[in-house]
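S.K.: I'll drop the sequence and a predicted model, then ask my questions.
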Amino acid sequence: MPLVSKDRRNLLQFVIASIGASFLASNQLLAKDKWPSAKPIKIIIPAQPGGGLDLIARTMSDKLSQATGTSFISENIGGGGGTIASLATSRATPDGQTFMVVNISTHGTNPAIRNLPYDSMKDFTHIAMVGGSPNVLVVGPELSKFDSLEALFNELKKKGRPISYGSAGPGTSSHLLVEELSVATGIPFLHAPYRGIGPALVDVMAGRVDVAFPGLIAALQFIKGNRLKPFAVTSQARVPQLPNLPTFTELGMSEFSSLQWYGISGPAGIPNEIVNNLNSQINRILKDPLIVAKFDAETLTVLPMTPQQFTTYIDKDLNKWKKVVKERGIQVDGS
């Protein structure tokens with residue numbers, strides 16, 4: 001007499017087949033969900049080709065491609081001070097295929113002063129900080145005779161008018177930093193907005209505007225060429241490119257610090273597994289001495305962070321600029 005009946009044998013075969021099918025389906029699902037896949041991954045650059053954002057995006061894209069074996073490609077989407085690129089990123093599918101180089105403009109100063117079609121925090125998954133570079137207060141040759149910031153301001157105040165300053169435009173860090181400085185010191189300033197920091201620095205060097213607060217990245221070549229004189233940087237520590245230049249903290253303004261920061265983010269809802277994987281890959285790249293040196297040459301200090309630390313950093317930065325905007329009553333047309 002058979003040990004297993006025909007009906008029972010059929011049932012066992014069915015169960016075994018079902019288990020095999022479930023196991024195969026599970027493996028296929030895991031393979032499908034594995035990140036990164038063979039499909040190219042996009043990193044959006046919120047600017048036209050050229051400049052610091054391109055350097056960061058393409059450097060990270062190249063290194064991530066090497067590290068993962070998956071192609072990371074950079075795509076420039078300019079316009080609207082980064083608004084168009086940010087909106088496109090926020091609306092992308094959160095599957096780990098679309099990321100963006102976010103920065104102080106797209107997720108800090110701009111959202112603090114304008115009504116934008118995206119929320120800097122709710123509509124994004126913030127993954128990793130890349131690095132930051134300070135702003136620097138500068139004057140042209142005409143005012144370079146002063147040896148300290150205090151002496152400079154005392155002399156300019158004698159003119160009986162607000163100190164004029166050039167910025168890269170309303171809502172930029174070169175604008176809001178001076179407004180924050182005005183709050184901290186009680187010194188009145190007169191804003192002269194330009195279409196970019198370049199034209200503003202031209203007028204500072206020509207003596208048509210008293211001061212400017214550009215990023216060190218933009219100002220360093222003119223400082224080294226003795227066409228601009230720096231007085232202090234907004235970083236917490238002195239910068240290696242200008243080791244004799246004090247920080248505002250050293251000058252007694254401990255709360256006055258800021259960085260032009262850059263990082264990698266994606267649309268809201270990206271799975272934690274992907275976020276942690278990409279964060280780990282980026283932080284590993286930022287430990288590479290060659291990458292550190294490459295960014296340092298551009299005055300960019302690497303600042304590896306966890307996703308939570310980076311998210312907290314952006315939130316704190318955004319709230320800081322919102323406070324400055326509120327205290328100074330700053331408004332921008334169309335906001």
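M.R.: Perfect, thanks for sending it.
S.K.: okay, CA-based contacts and neighbour counts for the rest of this
M.R.: Noted.
S.K.: what helix or strand is residue 245 on?
M.R.: Taking DSSP states H and E as the definition, one finds residue 245 inside no helix or strand.
S.K.: Count the residues that sit near it.
M.R.: Using other CA atoms under 10 Å, residue 245 has 17 neighbouring residues.
S.K.: Please apply the same query to residue 192.
M.R.: Neighbour number of residue 192 under other CA under 10 Å is 16.
S.K.: got the contact list for it?
M.R.: Residue 192 makes contact with 164, 165, 166, 167, 209 under the criterion CA atoms under 8 Å, 6 or more residues apart in numbering.
S.K.: Now do it against residue 49, distance only.
M.R.: Distance, residue 192 to residue 49, by CA to CA, to the nearest Å: 27 Å.
S.K.: now do residue 166
M.R.: 25 Å.
S.K.: what does residue 208 give?
M.R.: The value you get for residue 208 to residue 49, if CA to CA is used, is 31 Å.
S.K.: now do residue 147
M.R.: 39 Å.
S.K.: Show me which of those two is the more surrounded one.
M.R.: Between residue 147 and residue 49, residue 49 has the larger neighbour count (other CA under 10 Å), namely 14 against 11.
S.K.: Phi first, then psi, for the residue lying closest to the more buried one once chain neighbours are set aside.
M.R.: Distances taken as CA to CA, 6 or more residues apart in numbering place residue 76 nearest to residue 49, at 6.2 Å, with adjacent residues excluded. Backbone torsions of residue 76, given as degrees, to the nearest 10, read phi -80, psi 130.
S.K.: mind showing which ranges of the stretch 101-250 of the chain have poor pLDDT?
M.R.: For the stretch 101-250 of the chain, no stretch has pLDDT under 70.
S.K.: which residues touch the closest residue to residue 127 other than its chain neighbours?
M.R.: Once flanking residues are discounted, residue 127 sits nearest to residue 307: 4.6 Å by CA to CA, 6+ apart. By CA under 8 Å, 6+ apart, the contact list for residue 307 reads 126, 127, 128, 275, 276, 279.
S.K.: Which of the residues you listed fall in strands?
M.R.: Using DSSP state E, 126, 127, 128 are the members of the contacts of residue 307 that sit in strands.
S.K.: of all these, which comes closest to residue 293?
M.R.: residue 128 (19.2 Å; CA to CA).
S.K.: Any quick PyMOL command for the buried ones out of the contacts of residue 307?
M.R.: Per 16 or more other CA atoms under 10 Å, the buried members of those correspond to this PyMOL selection:
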select buried, resi 126+127+128+275+279
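S.K.: Could you look up the SS state of residue 192?
M.R.: Taking DSSP: H, G, I helix; E, B strand; the rest coil as the rule, one finds residue 192 in the strand state.
S.K.: Tell me how far it lies from residue 110.
M.R.: In terms of CA to CA, residue 192 sits 18 Å off from residue 110.
S.K.: Around residue 112, how many other residues sit close by?
M.R.: Neighbour number of residue 112 under other CA under 10 Å is 24.
S.K.: Touching, it and residue 317? I think so.
M.R.: No. Applying CA atoms under 8 Å as the test, residue 112 and residue 317 come out as separate, 9.5 Å apart.
S.K.: in this structure, which spans are strands?
M.R.: Under DSSP E, the chain gives strands at 41-45, 72-76, 98-103, 124-134, 136-139, 163-167, 189-193, 211-212, 229-233, 259-267, 301-302.
S.K.: Show me what the longest one is packed up against.
M.R.: Spelled out, that is strand 124-134. helix 216-224, strand 259-267, helix 272-285, strand 301-302, helix 307-328 (3 or more CA pairs under 8 Å, 6 or more residues apart in numbering; DSSP states H and E).
S.K.: Select, out of the ones you listed, the one closest to residue 34.
M.R.: helix 272-285 (8.9 Å).
S.K.: So which bits of that closest one are buried?
M.R.: So helix 272-285, judged by 16+ other CA under 10 Å, has buried residues 274, 275, 278, 279, 280, 281, 282, 283, 285.
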